[in-house]
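> have a look at this fold, sequence not included:
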Ligand code: ATP
């Protein structure tokens, strides 16, 4: 599904609210070293629910908030919005346009919104599951990632194929169901023990 707009406000080097419009076809982003090209892809990753600060080249998630420069004071919050064209319903959401917003305050408070409604991180992750652009997919390849994929363990590489084939979603649901089943079995054993004690 086409990403049509990216709105970055207070994320890393983007102290000013900046809107990037993506047309059809290929978009190239060019600029001198250190001008913020990688920060743009990281903003996309972050809005989609990235929770590992290291993946965003930071030690702490708050490192993504504009930290100040010679001319500007640091900011207290970062916000990124992604707008997708969902006319073909490639995202499991019944609207022609889907916007995902993530906000983080320096106090540590954070928020996710889908079409301006507050949601949980889980909802954002589920929206992207099997869309081919979720957290670990190869839709976004950052510097050094190609080497990392080539050197990854077979099980890790298998996950990449599973996501592309659309089975990861079911695998995760199976794991949740399995864990509930295990808990129920444990409870049954406990009940049987109690019944035996009472007999
Ligand atoms: P290259 O072409 O060398 O890969 P690039 O254009 O991809 O560079 P980025 O790596 O996206 O550039 O941006 C790096 C810049 O972002 C640095 O100048 C860094 O100081 C700035 N930066 C990163 N985090 C923050 C932050 N929290 N606050 C302010 N600036 C930041």
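That came through fine. The shown structure was predicted, so the numbers you read here are calculated from the model rather than taken from an experiment.
> now residue 71: how far from residue 64?
Between residue 71 and residue 64 the distance, using C-beta to C-beta, to the nearest Å, works out to 20 Å. All C-beta spots, glycine's among them, are computed from the backbone N, C-alpha and C.
> those two: which has the busier surroundings?
The neighbour count for residue 71 versus residue 64, taken as other C-beta atoms under 10 Å, is higher for residue 64 (23 against 6).
> hmm, that one is touching residue 12, no?
Yes. Between residue 64 and residue 12 there is a contact at 5.8 Å, judged by C-beta atoms under 8 Å.
> common neighbours of these two, please.
By C-beta atoms under 8 Å, 6 or more residues apart in numbering, residue 64 and residue 12 have these common neighbours: 42, 78.
> check the offset of the helix ranked longest in the chain from the chain's centre.
In the chain, assigned by DSSP state H, the helix with the most residues is helix 168-198. Relative to its chain's centre, helix 168-198 lies at 31 Å (C-alpha atoms, centre = their mean, to the nearest Å).
> output the contacting helices and strands for it.
Using 3 or more C-beta pairs under 8 Å, 6 or more residues apart in numbering; DSSP states H and E, the elements in contact with helix 168-198 are helix 154-165.
> elements contacting the helix it packs on?
Counting contacts by 3+ C-beta pairs under 8 Å, 6+ apart, helix 154-165 packs against helix 168-198.
> what residues of the helix it packs on count as buried?
In terms of neighbour count (16 or more other C-beta atoms under 10 Å), helix 168-198 has its buried residues at 168-169.
> how about the residues of this structure near the ligand?
12-13, 31, 33-39, 63-67 (C-beta under 6 Å from any ligand atom).
> hmm, which of those are the buried ones?
The buried subset of those - by 16+ other C-beta under 10 Å - is 12-13, 36, 38-39, 64-66.
> which residues in this structure form helices?
Using DSSP H, the helices found in the chain span residues 37-47, 121-128, 145-150, 154-165, 168-198.
> for the residue nearest to residue 20 when sequence neighbours are not counted, list each beta-bridge partner.
Leaving aside its sequence neighbours, residue 20 sits nearest to residue 6 (C-beta to C-beta, 6 or more residues apart in numbering; 4.4 Å). As for beta bridges, residue 6 partners with residue 20, residue 82 under DSSP bridges.
> with the one 5 residues further on instead?
Under the criterion DSSP bridges, residue 11 forms beta bridges with residue 14, residue 65.
> residues in contact with it?
Per C-beta under 8 Å, 6+ apart, neighbours of residue 11: 39, 42-43, 46, 64-66, 78-80.
> closest one of these to residue 195?
When those are compared for distance to residue 195 (C-beta to C-beta), residue 46 wins out at 52.4 Å.
> now for that closest one: which residues touch it?
11, 56, 64, 80, 102.
> Throw the helices of the chain into TSV and include mean pLDDT and distance to residue 113, thanks.
Formatted as TSV, those follow (pLDDT from 0 to 100; distance: least, C-beta to C-beta, whole Å):
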stretch	mean pLDDT	distance to residue 113
helix 37-47	93	10
helix 121-128	89	9
helix 145-150	81	28
helix 154-165	80	25
helix 168-198	92	23
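> these: which one's closest to residue 18?
Closest approach to residue 18 among the helices of the chain is made by helix 37-47 (9.0 Å; C-beta to C-beta).
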